Structures are given as structure tokens and as C-alpha cells.
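In: Provided below for reference: sequence and predicted model.
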Amino acid sequence: MAHCIVEYTDNLGVEADIPGLLHKIAAKFRDSDGVFPIGGIRVRALRLTEYVIADGREDDAFVNATVKMGAGREPEFKKRFFGEMFEIIKAHFAQLYAKRYLALTLYVEEADENGSFKQNNLHLRFKK
Amino acid sequence: MAHCIVEYTDNLGVEADIPGLLHKIAAKFRDSDGVFPIGGIRVRALRLTEYVIADGREDDAFVNATVKMGAGREPEFKKRFFGEMFEIIKAHFAQLYAKRYLALTLYVEEADENGSFKQNNLHLRFKK
Amino acid sequence: MAHCIVEYTDNLGVEADIPGLLHKIAAKFRDSDGVFPIGGIRVRALRLTEYVIADGREDDAFVNATVKMGAGREPEFKKRFFGEMFEIIKAHFAQLYAKRYLALTLYVEEADENGSFKQNNLHLRFKK
């Protein structure tokens, strides 16, 4: 289970290349030595059209990524792995960040195992 | 308080019958012997148009339902009740699941009582 | 870090003045004696077009605000501050509430510090 929801403000325009970002995040999940099974990776974006940022006076922008995953990964793994993922996000937006007001965030949340129910035939494709 | 947010990828098309799914989930909440007051049931869907699933190479799809409810229900109740709700979700998608790659998930989250504020006149309609 | 996501059902129409509501919520965050830095305020709305509320038989509506913030604020502060925020939300919808079925909620969630990553150049604008 590796869910990621990327909210982004629509004032970022096409330069933000959100499809490219989603592919990079999914690639990072795949590059986890099996911690995140490939068939469970689900990265999506929500385009925001109504928002007020800070004092509401400028053309501010933000991107907020929220990961939801099963509980039980070690704190050290989480710090390292998602620190690396955040570096990927920062690199993706480096040019925009250099020229406009932009807030980038990544939050990691864990699902309650007792409240998790799944059925997924994608895993079949990735088993030999 | 019984919130449910159903995210679904738009490649599922009309065959997914999301309106029908929302009605079934709401009906299941109503069929809870009063655990979930009728006036507090709020089931909604978010249609996803931007996503990368697994290796991003196939026309994969997913549906992710997230329940948010007040804390305090017994673990046994949660396991049984939401297990039943997930069976309803699986049955709803059984035909699609048999013929395409599809991941179904249901996660249950509890709100912090100290951080919950409500005003709701729907309850009036369901009181005699 | 002060995130707020306002979900609202589209049957509320323009009378709901969602842009006005977002501005009021952002103003309340700014009026926090520095607890919430101005540059970290991000309030946005999601318009819902697919939903089933209660028994699904009436033109019911709801507005659900979810705050996500860093952990560590005192319970007393949270009760008071978000109680005040909820009064602002109730006042905003008082006319609609008086004439239709409407459920209003505000939930406050805290991010896990070990799973939080940020980069934000808006803060520069608010530092002297």
C-alpha cells in the first residue's frame, strides 16, 4: 500500500509538469527494495482552483503531497526514504521556486491496520 | 458522524456506476442499528483525472474509500461492520475486477474528539 | 503549517460564497498571535458534485473543513482557537442554515513530525 495525493494550485500552470512529478514519485516508490510492492503504488493529483494562501494578496502557489501507507515501517526508513522523495519534489520545482512564491510540503500518514481492507489484482502482474 | 470519500480513477468509465456505489455505502451506514445516525451520513466521490498507478504502463484503475468517523467504536464492531462494507464494494465492482486491473481499498480513520466541531440540522428530520 | 481543506456540496450554489469563507478562515489563522506563521497558511476548497447524504431523499447539503497542522499545540489552545473558527463558519452559513438542511463540520488533525517535509519561500515575505 503506497498512496500519494498531490494537491497543487492551478496558478502553477503547465510549467509545473504535474504528470512528470507523478511519474517521479511513482518511480521512487518502485525504487524501495520491495518495501512498497509495485502493484500497490497509486499516485494521483488534485488540481485546486479555489484557495487563499498566506495574506491572500499575491499570486502565491503551493504543492502538498500526502502519502498514506501501512503502519510498521521503521522511523529511520521513513526519514530517509521520504527525505529522498522530498528532494525529488524540490528538484522538480527548483526553477519555479527560484522565481515565484511557492510552498512545498510532503506529509506521511500511516493507516490503521485494523481499519484497512484491500483487494488488488495488479499484484498478479508483478509476480513471476 | 459518518463521512466517506470515494476516490476513483476516471478510466473506470460509466460502467463503474459510482452513484450506485455511493447509495450502497450510505445504505450500509444506515443499516448499523443506530451506531451511525442517519442525519450524519455524508458519502461523496472524487473523480481522479491525473494519476500514475504501479509501473504506469497499463490502463490500471483504482477505487479508494476513506471513512472518517468519531472515535470510540469497538474494534470488533469496526472489523465486522467495515468488513461487510468492503464486501459491498467488492460485489459492486466484481464484473470490472474480473476483466481488468483494479485495486480496491477501504480505510477507516477516527477523528480526534477534541478537534471535532459540528452543527447539523439534518438530525431534526430523523427524530420523532 | 496551517492547512485547511473545505469540502462543499455544489447544491449550495453561489449563495454559499465559498471564496468569502476561505478568506475568513485564512484571516482567523493570521489572527493567532503568531501560532500560525502567515506564510504557512494554505486554505483551499473542493467542490463536490457526487454525493449521497443521510437517506438520499432530500436536497441536503454539507460543508466539511479539515485542518491539518503540526503537532504540539496545547489542547486548551486548540479547543478555544478552533471553537472560534467554527463560530466563524457557522456565522458564514447562518442564513442558509436557517432555511435548508445543512451539516457543518470542522475537524482538526495533526501531522506526524517525523513524516513532515517542507520548503517554503513565502516566509521570506513576512520577515523584516
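Out: Cool, the structure landed.

In: Give me the number of neighbouring residues for whichever residue of chain A sits closest to chain B.
Out: Residue nearest to chain B within chain A (CB to the nearest CB): A:Gly115, separated by 3.1 Å. In short, each C-beta sits where N, CA and C put it, glycine included. By other CB atoms under 10 Å in any protein chain shown, 18 other residues sit near A:Gly115.

In: what helix or strand is the closest residue to it other than its chain neighbours on?
Out: Counting by CB to CB, 6 or more residues apart in numbering or on different chains, B:Val108 is the residue found nearest to A:Gly115 once chain neighbours are left out, at 3.1 Å. Assigned by DSSP states H and E, B:Val108 belongs to strand B:102-111.

In: same for that strand, what does it pack against?
Out: Applying 3 or more CB pairs under 8 Å, 6 or more residues apart in numbering or on different chains; DSSP states H and E, one finds that strand B:102-111 contacts strand A:116-120, strand B:61-70, helix B:75-92.

In: Pull out the buried residues from that strand.
Out: For strand B:102-111, a neighbour-count test (16 or more other CB atoms under 10 Å in any protein chain shown) marks B:102-111 as buried.

In: Quick one: residues contacting the closest residue to chain C within chain A.
Out: Across chain A, no residue is closer to chain C than A:Val108, which sits at 3.1 Å (CB to the nearest CB). A:Val108 sits next to A:66-67, A:69, A:78, A:82, C:112, C:114-116 when contact means CB atoms under 8 Å, 6 or more residues apart in numbering or on different chains.

In: Specify the beta-bridge partners of it.
Out: A:Val67 (DSSP bridges).

In: From B:Ala111, how far off is it?
Out: 19 Å (CB to CB, to the nearest Å).

In: circling back to that earlier point, tell me the most buried of the helices and strands packed on strand B:102-111?
Out: Highest mean neighbour count among these (mean count of other CB atoms under 10 Å in any protein chain shown): strand B:61-70, with a mean of 22.

In: And for it, what's in contact with it?
Out: Under CB under 8 Å, 6+ apart, the answer for strand B:61-70 is A:3, A:42, A:115, B:1-9, B:11-12, B:16, B:21, B:25, B:36, B:51, B:53, B:82, B:85, B:89, B:93, B:96, B:100-111, B:113, B:116, C:107.

In: Tell me the residues of chain A that contact chain C?
Out: For chain A, the contact set with chain C under CB under 8 Å from any CB of the partner chain comprises A:7, A:9, A:46, A:48, A:50-56, A:58, A:60, A:62, A:64, A:67, A:75, A:78-79, A:82-83, A:86, A:90, A:97, A:101-110.

In: residue ranges with poor pLDDT in chain A?
Out: Scanning chain A for pLDDT under 70 picks out A:128.

In: Any idea what the residue lying closest to A:Glu50 once chain neighbours are set aside is bridged to?
Out: Leaving aside its chain neighbours, A:Glu50 sits nearest to C:Ala45 (4.1 Å; criterion: CB to CB, 6+ apart). Residues in a beta bridge with C:Ala45, per DSSP bridges, are C:Val6.

In: In this structure C:Ala45 contacts C:Thr9, no?
Out: No - C:Ala45 lies out of contact with C:Thr9 (CB atoms under 8 Å); the separation is 11.5 Å.

In: so A:Ile88 sits right up against A:Ala26, yeah?
Out: No - using CB under 8 Å, A:Ile88 is not in contact with A:Ala26; the gap is 10.9 Å.
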